[in-house]
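Below are the sequence and a predicted model for it; my questions follow.
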Amino acid sequence: MLMPFVTVPIYSGPLPGDCDGDGDVDLDDVTSFTACFAGPALPPLGGCVCTEPDQDGDFDMADFALLQAHFTGPRDAR
Ligand SMILES: [Ca+2]
Ligand SMILES: [Ca+2]
């Protein structure tokens, strides 16, 4: 009998997109991310509290794609 499995990446640092550092990526993090979003090759907007997901110096759709890929929903709801 084959058993389904899920690959779960293990990060040594903060979860990409976890702007508030609470161990999940949820709508609170999306709200914080949008406060940073300026577009490709532009520095984050003032007041940004997020760690940039792809570490290339901007907050663009590539960063948002990483946030989406790691979206967990609220940790309390799991
Ligand atoms: Ca979070
Ligand atoms: Ca980036």
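Now that the structure is in, tell me what you want to look at. Ligands and ions are numbered 1, 2, ... in the order given.

List the residues that contact the most centrally placed residue in the chain.
By C-alpha atoms, centre = their mean, the chain has its centre lying nearest to Gly17, at 1.2 Å. By C-beta atoms under 8 Å, 6 or more residues apart in numbering, the contact list for Gly17 reads 25, 29, 33, 50, 53, 63, 66-68, 70-71. In short, each C-beta sits where N, CA and C put it, glycine included.

which SS class is the closest residue to it other than its chain neighbours?
Spatial nearest neighbour of Gly17, excluding adjacent residues (C-beta to C-beta, 6 or more residues apart in numbering): Leu67 at 3.3 Å. What DSSP: H, G, I helix; E, B strand; the rest coil gives for Leu67 is helix.

Identify the residues contacting Leu67.
So, once contact is read as C-beta under 8 Å, 6+ apart, Leu67 ends up touching 16-17, 25, 29-30, 33, 53.

With distance to Met1 added, can I get the residues you listed in TSV?
Formatted as TSV, these follow (distance: C-beta to C-beta, whole Å):
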residue	distance to Met1
Pro16	35
Gly17	36
Val25	33
Asp29	38
Val30	39
Phe33	42
Pro53	38
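
so of these, which ones are in helices?
Among the contacts of Leu67, DSSP state H puts 29-30, 33 in helices.

quick one: which of the residues you listed has the most company?
Highest neighbour count within those, by other C-beta atoms under 10 Å: Asp29, with 24 neighbours.

For it, give its distance to Cys19.
Computed as C-beta to C-beta, to the nearest Å, the Asp29 to Cys19 distance reads 4 Å.
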